[in-house]
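*Asks:* return a 3D structure for these sequence lines:
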Amino acid sequence: MTPPRPPGASVGGGAPSPDASAPTPARTRETPPAPPPALEFHDLTVAYHTKPVLWDFDLAIPDGKLVAVVGPNGAGKSTLLKAALDLVPLVSGFARVFGRPYSEVRHRVAYVPQRESVDWDFPASVLDVVLMGRYGRVGWFRRPGRADRAAATDALREVGMLELADRQISRLSGGQQQRTFLARALAQDASLYLMDEPFAGVDAVTERSIIALLRRLRDGGKSVICVHHDLQTAPDYFDWAVLVNMRLVGAGPMAETFTHEKLQQTYGGRLGILEAAATRLLKNTEGAARPR
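*Replies:* Below you'll find the model as predicted:
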């Protein structure tokens, strides 16, 4: 009589066959790498005529945020955006956009400069200016095609400027000028939007429409970084803050960063404005925590 085989033994006496009932070891899954920051600075120093404007600046802003860059006049806020765009020479350090030099990803970045830096007497129509946002895709030596004009038209409609598409930019109001440059940025269909004081010189209606637009961009997965000067509205408008006064004072979610202590460090004790901003932030925080 043949003795029974132990479980897993082969008939021919070779190596034991795997036991079908034994659990199969689970495969180890590699954790996918974290996405790179939308904008990153490391050891950044910028100087104008040997006078430092930004000093030893380290910052990483995650993707998908609506960010306010806040600080006093002359603190280096606009320079910070220009450093990301290779518009100013760096004394030291580097800037990265989505983990790469700006020159490699410029088509993914849209820039809205301060209105005062633009020559509004240049002979161009509103549509001409918005179409400039498409040149990163079509190239400077090719004429925009039907798809580009459609994208520009959609952008003008988005900012409520379609009926003024043929108007010369010299005949626009301040709010209309700002909407035109926003439309140019939208037509570019970028991933990162850098805006230098987009609310400056506009009326309340235009300001509300602009912040609604920026929120839609953020909710659509875009990153929006704005130089902002109004401490009263910053807690209402933005979900991330960067506090700047030549050096980085603080950066992070609004509730954690836009605090009275850090604002004092940033502005040097302008208590009237700071108290009002802190009160506004406290009300927002309490309202979000209150059960509905």
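*Asks:* check which helices and strands the helix or strand hosting Tyr193 is in contact with.
*Replies:* Taking DSSP states H and E as the criterion, Tyr193 maps to strand 192-196. Counting contacts by 3 or more C-beta pairs under 8 Å, 6 or more residues apart in numbering; DSSP states H and E, strand 192-196 is packed against helix 77-84, strand 109-112, helix 204-219, strand 223-227. The way it works is simple: take the backbone N, C-alpha and C, and place the C-beta from them, glycine included.
*Asks:* please work out which of the ones you listed is packed deepest.
*Replies:* A comparison of these by mean neighbour count, using mean count of other C-beta atoms under 10 Å, puts strand 223-227 on top with a mean of 25.
*Asks:* send me that strand as PDB with only the CA atoms.
*Replies:* Extracted in PDB, the C-alpha atoms of strand 223-227 (Å, rounded to 0.1, in the frame of the first residue of the first chain):
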ATOM      1  CA  SER A 223      -2.400  77.400  -9.800                       C
ATOM      2  CA  VAL A 224      -2.900  81.200  -9.300                       C
ATOM      3  CA  ILE A 225      -0.400  83.400  -7.500                       C
ATOM      4  CA  CYS A 226      -1.200  87.100  -7.100                       C
ATOM      5  CA  VAL A 227       0.700  90.000  -5.600                       C
END
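*Asks:* for whichever helix or strand comes after that strand, what is the distance to the chain centroid?
*Replies:* On the C-terminal side of strand 223-227, the nearest following helix or strand under DSSP H and E is helix 234-237. Distance, stretch centre to chain centre, for helix 234-237: 15 Å (C-alpha atoms, centre = their mean, to the nearest Å).
*Asks:* now helix 234-237: buried residues?
*Replies:* By neighbour count on 16 or more other C-beta atoms under 10 Å, the buried set for helix 234-237 is 234-235, 237.
*Asks:* which strands and helices sit next to it?
*Replies:* strand 66-70, helix 271-289.
*Asks:* now do the last one, average pLDDT.
*Replies:* It refers to helix 271-289. Across helix 271-289, pLDDT averages out at 54.
*Asks:* all helices for this structure, in order.
*Replies:* Using DSSP state H, the helices of the chain run over 77-84, 102-105, 126-131, 135-138, 146-158, 174-188, 204-219, 234-237, 254-257, 260-267, 271-289.
*Asks:* run through who's touching stretch 99-113.
*Replies:* 36-37, 40, 81, 84-86, 94-95, 97-98, 133, 136-137, 181-182, 184-186, 188, 190-196, 198 (C-beta atoms under 8 Å, 6 or more residues apart in numbering).
*Asks:* over to stretch 80-93?
*Replies:* 39, 41-47, 52, 54, 57, 69, 79, 95, 97, 102-103, 109, 111, 194, 196, 225, 227, 242, 244.
*Asks:* go again using 7 Å as the cut-off
*Replies:* For stretch 80-93, contacts defined as C-beta atoms under 7 Å, 6 or more residues apart in numbering pick out 39, 41-47, 54, 69, 79, 95, 97, 102-103, 111, 194, 196, 227, 244.
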